[in-house]
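1. Requesting a structural model of the entry that follows:
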Amino acid sequence: MVTIFILVMGIVLIHFKEGWFVVGGGRNGVEFHFLLIVVLLTLAFFNGLRKK
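-> You can find the predicted model right below:
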């Protein structure tokens with residue numbers, strides 16, 4: 001959760017104003033950080049949120 005918080009703050013403070021995609025020089029896009037957040041959430045909740 002700490003890593004996700006750091007990624008979200010990076011998006012908000014640095015990358016959000018540049019837009020969604022990495023274009024041209026390959027810098028300041030949001031989509032890579034978004035992908036990392038989705039992967040981390042998938043790993044954290046691999047079995048789902050259901051109670052067993």
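2. rest of the way, CA atoms for contacts and neighbours
-> Fine.
3. buried ones in the longest helix anywhere in the chain?
-> Of all the segments of type helix in the chain, defined by DSSP state H, the longest one is helix 31-44. Within helix 31-44, the residues that qualify as buried are Glu31, His33, Phe34, Ile37, counting by 16 or more other C-alpha atoms under 10 Å.
4. which other residues reach it?
-> Helix 31-44 has contacts (C-alpha atoms under 8 Å, 6 or more residues apart in numbering) with Ile4, Leu7, Val8, Ile11, Trp20, Phe21, Val22.
5. for stretch 8-21, same thing?
-> Residues outside stretch 8-21 that contact it (C-alpha under 8 Å, 6+ apart) are Asn28, Gly29, Val30, Glu31, His33.
6. how close does the residue nearest in space to the middle of the chain get to Val2?
-> Per C-alpha atoms, centre = their mean, the C-alpha nearest to the average position across the chain is that of Phe34, at 2.8 Å. Counting by C-alpha to C-alpha, to the nearest Å, the gap from Phe34 to Val2 is 15 Å.
7. repeat for His33
-> Taken as C-alpha to C-alpha, the span from His33 to Val2 is 14 Å.
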